[in-house]
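Undergrad: predicted model and sequence below, questions to follow.
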Amino acid sequence: MNIQEQIDTNLKDWIFENNQIRKTYQFDNFVKAINFVNLVASLAEKANHHPDIFIQYSKVSITLSTHDAGEVTQKDIALASEIDSH
């Protein structure tokens, strides 16, 4: 199964482009967005795999790529799935 098929099968609303996957989450307010970022930080630390995070008031965009591999790997799929499960 190629990476696009893995994304399509395992992840909802993640966009694959430029050797990375990205998803934007919308929250009711800034505090809820920051709470989500803190959750993502905790999950990322446990996985020892850290996303790029962009915060715009109540929107949080998460971008994942395995930088040392130069592409999306199973690490990215696993962390994205873990983020979505919370």
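TA: Thanks, I have it. Residues are numbered from 1 along each chain as shown.

Undergrad: residue 47: what's its closest spatial neighbour, skipping adjacent residues?
TA: In space, residue 47 comes closest to residue 79 once its chain neighbours are excluded; the distance is 5.2 Å by C-beta to C-beta, 6 or more residues apart in numbering. Where you see a C-beta, it was placed from the backbone N, CA and C, and this is true even at glycine.

Undergrad: what about that neighbour, which SS state?
TA: Three-state call for residue 79 (DSSP: H, G, I helix; E, B strand; the rest coil): helix.

Undergrad: for burial, what's the neighbour tally of it?
TA: When counting by other C-beta atoms under 10 Å, one arrives at 23 neighbours for residue 79.

Undergrad: per-residue pLDDT of it, please?
TA: Per-residue pLDDT puts residue 79 at 97.

Undergrad: how about it, what does it touch?
TA: 43, 44, 47, 49, 51, 64 (C-beta atoms under 8 Å, 6 or more residues apart in numbering).

Undergrad: and if we set it to 10 Å?
TA: Shown in contact with residue 79 (C-beta atoms under 10 Å, 6 or more residues apart in numbering): 21, 40, 43-44, 46-51, 62, 64, 66.

Undergrad: likewise residue 9?
TA: Residue 9 sits next to 1, 77 when contact means C-beta under 10 Å, 6+ apart.

Undergrad: next, the buried residues of the one helix or strand it maps to.
TA: Counting by DSSP states H and E, the element that carries residue 9 is helix 3-10. Residues of helix 3-10 classed as buried: 3, 6, 7 (neighbour count, 16 or more other C-beta atoms under 10 Å).

Undergrad: low-confidence regions, this structure specifically.
TA: Low-confidence regions of the chain, defined here as pLDDT under 70, do not occur.
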